[in-house]
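>>> Using only what follows, build the 3D model:
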Amino acid sequence: MPVAGEQSRWQRAGEVLRPSEWRTLPGRAARRVRARRRWGRRRRVLTALGLLAVLLVAPVVAAAGCLQVAYAGDPAADARTRGRDALWLGHAWVDGRRSDAELKALAGQLRGTGIRDLYVHTGPLEHDGSLDPALAPRAADFVARAHAALPGVRVQSWLGDVVAPEKDGLHLDRDDVRERIAASARQVLDLGFDGVHLDLEPVHSGSPGFLALLDRVRVLTRSRGVPLSVAAPQIDPVPGLGRVTFALSGHGKYWSAEYFGAVAGRVDQVAVMSYDTGMPVESLYGGYVARQTGLALAHTPAGVDLLMGLPAYWADTPSHRGDAETVRAAVRGARLALGPGARQNFGLALYVDFAATPDHWAAYRDGWCA
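Residues are numbered from 1 along each chain as shown. So this is what the prediction gives:
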């Protein structure tokens, strides 16, 4: 056995020796050196993992805290319906599956609410932008019956399709496709609809083709004296987040605030699809809607109607937690952001009639119409 001094010297030397040189040390000293080396590597790895965890978790915790704050407090007393709300209606109303009795029940459901617009699914559009009239054989009949049953309510044609390049769908960069979509809008207005509601997804933030389409269709709607409306995705919660998520997933989930404003400036009404957020609990979802409402209010021109969507449906997926994304939370979040004395051309839009339950309607009425 080496003397104590020699062992200390070997241990100190071992701290700088290469592994291939450890065999020159006596067995016990070499084992200690190897153990120290292993622990040193583990400590560096654990330190790096700890720092990475802090970098990943800290922003999430901070964001959650901000959303909780946004959902705190009491809404302004006058943050109630302005009579500019809307309801998305499914395709069954225009293909003959819905009866007069069901229309009468719908009229009763809307009585005493602020719903002024119905977005009635009339498509979908073909991928070339055209609309097959055989898809909605009872459209004109429904519009006439709805006008009789619901005086003062506007019946807008909801036209939609998926959009290239993310999906195999509409190529909005092509002028001929845009022209056919405009012709489809003319087609539904000729049936008696009171407006055109475009729901084209996913339009990527910055798309010039979509702006060009809106310019073209609005010439038509203005000439007819009817509104042009769009369903819009959510706005970047943090500037630049949309570019990051798109780079990672290839999915255009968000619009930049600037692009949202450019779209809103070309229409008469914009309805934000403020659902499918992935929020895990109700308070965070409500705070998120409050944040989205604030952003939309800041970037919607004063003369344009702004509506925030309400999730009147149930799903339990990674993007939509049914217990979290509730009508109640969305109504409260929108009211908190609206504040006292805020713009009058503001409303809420329920998605969608065939999935809405009595609880959804009660949450809308009690929270917004009371």
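
>>> Can you name the residues in contact with stretch 139-150?
Stretch 139-150 is contacted from outside by 93-94, 98, 100, 103-104, 106-107, 110, 118, 120, 122, 153, 155, 157, 188, 191-194, using Cβ atoms under 8 Å, 6 or more residues apart in numbering. From N, CA and C alone the C-beta is placed, and that goes for glycine too.

>>> Buried only: go through these for me.
93-94, 98, 103, 106, 110, 118, 120, 122, 153, 155, 157, 188, 191-194 (16 or more other Cβ atoms under 10 Å).

>>> which stretches of the stretch 1-150 of the chain form helices?
4-14, 27-70, 100-110, 139-149 (DSSP state H, counting those that start in this stretch).

>>> Report all helices and strands that the third one contacts.
By that I understand helix 100-110. helix 139-149 (3 or more Cβ pairs under 8 Å, 6 or more residues apart in numbering; DSSP states H and E).

>>> so how far is the helix it packs on off the chain centroid?
Here helix 139-149 shows a centroid-to-chain-centroid distance of 31 Å under the convention Cα atoms, centre = their mean, to the nearest Å.

>>> sorry, back to before: worst mean pLDDT among the helices of the stretch 1-150 of the chain?
Ranked by mean pLDDT, the helices of the stretch 1-150 of the chain bottom out at helix 4-14, with a mean of 41.

>>> List the contacts of the helix or strand harbouring V331.
According to DSSP states H and E, V331 maps onto helix 327-338. The contact list for helix 327-338, computed with Cβ under 8 Å, 6+ apart, reads 70-71, 73, 75-76, 79-80, 274-275, 282-283, 285-291, 293-294, 297, 308-312, 346, 348, 350, 359-360, 363-364, 367-368.

>>> Could you turn the buried ones of those into a ChimeraX selection?
Per 16+ other Cβ under 10 Å, the buried members of the contacts of helix 327-338 correspond to this ChimeraX selection:
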select :70,71,75,79,274,275,282,283,285,286,287,288,289,290,291,293,294,297,308,309,310,311,312,346,348,350,360,363,364,367,368
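
>>> Sort out which of the contacts of helix 327-338 are in helices and list them.
Under the assignment DSSP state H, the contacts of helix 327-338 contribute 70, 282-283, 285-291, 293-294, 297, 359-360, 363-364 to helices.

>>> Which parts of the stretch 101-250 of the chain are strands?
Along the stretch 101-250 of the chain, counting by DSSP state E, counting those that start in this stretch, strands occupy 115-121, 154-162, 195-201, 228-232, 234-235.

>>> coming back round to it: and the helix holding V331, how far out from the chain's middle?
The answer for helix 327-338 is 15 Å, by Cα atoms, centre = their mean.

>>> Ok, stretch 81-96 next?
That offset, for stretch 81-96, works out to 19 Å (Cα atoms, centre = their mean).

>>> which residues are contacting it?
98, 103, 110, 113-122, 135-139, 142, 158, 271, 305, 307, 344-354, 368-369.

>>> what do you get for stretch 119-130?
Against stretch 119-130 from outside (Cβ under 8 Å, 6+ apart): 86-91, 93-94, 131-132, 135-136, 139, 142, 155-161, 168-170, 176-181, 183-184, 188, 193, 197, 199, 229, 231, 271, 349.

>>> Give me the buried subset of the residues you listed.
The buried subset of the contacts of stretch 119-130 (16+ other Cβ under 10 Å) comprises 86-91, 93-94, 131, 135-136, 139, 142, 155-161, 169-170, 177-178, 180-181, 184, 188, 193, 197, 199, 229, 231, 271, 349.

>>> So for stretch 253-272, what gets flagged as buried?
So stretch 253-272, judged by 16+ other Cβ under 10 Å, has buried residues 253-257, 259-264, 266-272.

>>> Inside strands: which ones of the residues you listed?
Judged by DSSP state E, the subset of these located in strands is 254-255, 269-272.

>>> now these as JSON lines including distance to D215?
Below are those laid out as JSON lines (distance: Cβ to Cβ, whole Å):
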{"residue": "Y254", "distance to D215": "23"}
{"residue": "W255", "distance to D215": "17"}
{"residue": "Q269", "distance to D215": "16"}
{"residue": "V270", "distance to D215": "15"}
{"residue": "A271", "distance to D215": "19"}
{"residue": "V272", "distance to D215": "21"}
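
>>> now the residues you listed as a markdown table including pLDDT and distance to A334?
Listed next are these as a markdown table, based on pLDDT from 0 to 100; distance: Cβ to Cβ, whole Å:
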| residue | pLDDT | distance to A334 |
| --- | --- | --- |
| Y254 | 96 | 19 |
| W255 | 97 | 18 |
| Q269 | 98 | 16 |
| V270 | 98 | 14 |
| A271 | 99 | 12 |
| V272 | 98 | 10 |
